[in-house]
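Peer 1: sharing a model that was predicted from the sequence below.
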Amino acid sequence: MKAAHGYAVIDTETTGILTGWHHRIAEIAIVHVDPRGTVTDEWVTLVNPERDLGPQAIHGIRAADARRAPRFEHLASELVERLSGRVVVAHNWTFDAMHLRAEFSRLGIDTPFEPDAGLCTMRAAGRARLGSGRSLVDCCAAAGLPERAWHTALADARGAGELLGFLLRHAPDAVRVTDAQLHAANWTWPHLERRHTPAAHRTAIGHVEPHFLAKLVERLPRDGEPAVDAYYAMLDDALLDRQISATEGDALVEIAHDLGLHKNEVVALHLSYLRDLAREAWADQVVTDEERNDLLTVAILLALDPAIVETILDEERDAVREPTPGPERQVGGLVLRPGDKVVLTGAMRRERADIAAEAAAAGVRVTGSVSKQTRVLAAADPDSMSGKAKRARECGVPVVSEHAFLQALARLVG
């Protein structure tokens, strides 16, 4: 092989195995390795797959991160630049080749990524009799390479790159480059307009996202009262599962901007919302520990000082309880009733058949599609980008977490 070629070691994390089932790339990493086996460059980005993320328990990608990532079409020119003139390498190349072909094909771009066009470190390790296991973890361990946090595109590409370096030094015949691989390296790609698309990365473990209120500006009070019903309605939906997803936070910021609400006005609305919940909690003359904890949860979610809960409860204890205009705000969040229709989306922790059977026994029907009659969409990830989640948001159907849905179902049954 010509020394000028070098290698491009690639790894993808995907929403599922089969491209025929419309699974997509959700993260991609490319590590450059020189002919001597030394890593010279690396690059990684999340990719917005425009669908649910599939086995999130395995790849660990959050929809809150992926939804803000560039789509594959915006990354195509970057990928071509990083792959051109290099022998492509992957551990289980057939899998990555299949997904790369599918993604480029959606853009009408032919690729050289056939099964024999890439150097597969899994097969090479077998030829070198490196060990009995075929996984990247097993092969790297057999080569004495360092352990790492696997199942991210960058970690796996780094591991495959180091494995390639080991094979180049200790078993060069096992990684001898073929004519098919050189043909792919010298592939004539169509001209693609160079996009300066920033890479998107996973949120670091332990990182705390700024509260959505931080995106609003503080202004002096205005004359007159702004219209706030739409903001309250969205807040009702967002707090139904007692968490505010990134999608819901962005939506609340957007509607606050649309209504011309300033940060200090939104804080006042949040206090009023908490007060409405406190009033509902006192409706039966008793506030239980569960109701008090629920109010504390809401206060924290709305960036209010938790200490204000006891003050508001004290003030509302003796308040004249008359019907208040507007919708009743349910203390405790989501409530399911017999006859409700719900839809599930994403790779649930529990088997869907078991969830559907439990719901049916309680008189709740799990349906396959979202309509305006759907009570809630229960999602494995509340920031889901699945078709069902998109439809739910179009119809104004709340999207809640699997945990919150199962809790509400348990309350209905119990």
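Peer 2: Perfect, I can see it now.
Peer 1: out of everything not next to it in sequence, what's closest to residue 111?
Peer 2: Nearest non-adjacent residue to residue 111, counting by Cβ to Cβ, 6 or more residues apart in numbering: residue 104, 4.8 Å away. Where C-beta positions appear, they are placed from N, C-alpha and C, glycine not excepted.
Peer 1: would you map out the domains in this structure?
Peer 2: Listed domain ranges for the chain are 7-185, 212-317, 341-413 (source: automatic domain parsing).
Peer 1: turn the ones you listed into a markdown table, columns for mean neighbour count.
Peer 2: Output for the domains of the chain, formatted as a markdown table (neighbours: other Cβ atoms under 10 Å):
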| stretch | mean neighbour count |
| --- | --- |
| domain 7-185 | 19 |
| domain 212-317 | 16 |
| domain 341-413 | 18 |
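Peer 1: so which of the ones you listed is nearest residue 331?
Peer 2: Smallest distance to residue 331 across these (Cβ to Cβ): 4.9 Å, for domain 212-317.
Peer 1: can you give me the end-to-end span of the closest one?
Peer 2: Across domain 212-317, the terminal residues are separated by 31 Å (Cα to Cα, to the nearest Å).
Peer 1: make 300 the first number, not 1, from now on.
Peer 2: In the new numbering, first residue 300, that becomes domain 511-616.
Peer 1: that older thread, if you count contacts, what does whichever helix or strand the residue nearest to residue 410 is part of end up packed against?
Peer 2: Using DSSP states H and E, residue 403 maps to helix 392-405. Using 3 or more Cβ pairs under 8 Å, 6 or more residues apart in numbering; DSSP states H and E, the elements in contact with helix 392-405 are strand 306-313, strand 324-332, helix 371-382, strand 418-419.
Peer 1: closest one to residue 552 among these?
Peer 2: Nearest to residue 552 among these is helix 371-382; the distance by Cβ to Cβ comes to 23.7 Å.
Peer 1: now do the closest one: which elements does it pack against?
Peer 2: Secondary-structure packing of helix 371-382 (3+ Cβ pairs under 8 Å, 6+ apart): strand 306-313, strand 324-332, strand 338-345, helix 392-405.
Peer 1: could I get the helices and strands packed on helix 392-405 as a markdown table with mean pLDDT?
Peer 2: Listed next are the helices and strands packed on helix 392-405 as a markdown table, based on pLDDT from 0 to 100:
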| stretch | mean pLDDT |
| --- | --- |
| strand 306-313 | 98 |
| strand 324-332 | 98 |
| helix 371-382 | 96 |
| strand 418-419 | 97 |
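Peer 1: for the ones you listed, give me TSV that also has distance to residue 697.
Peer 2: Below are these laid out as TSV (distance: least, Cβ to Cβ, whole Å):
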stretch	distance to residue 697
strand 306-313	29
strand 324-332	25
helix 371-382	30
strand 418-419	46
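Peer 1: what are the boundaries of the strands in the stretch 350-499 of the chain?
Peer 2: Ranges of strands within the stretch 350-499 of the chain are 386-389, 418-419, based on DSSP state E, counting those that start in this stretch.
Peer 1: nearest to residue 685, out of the ones you listed?
Peer 2: Per Cβ to Cβ, nearest to residue 685 of these: strand 386-389, 27.5 Å.
Peer 1: can you tell me what sits against that closest one?
Peer 2: Contacting residues not belonging to strand 386-389 are listed as 300, 304-310, 332, 395-396, 412, 416-420, 459-460, 463, 476, 480-481, 483-484 [Cβ atoms under 8 Å, 6 or more residues apart in numbering].
Peer 1: thanks again, I'm all set now.
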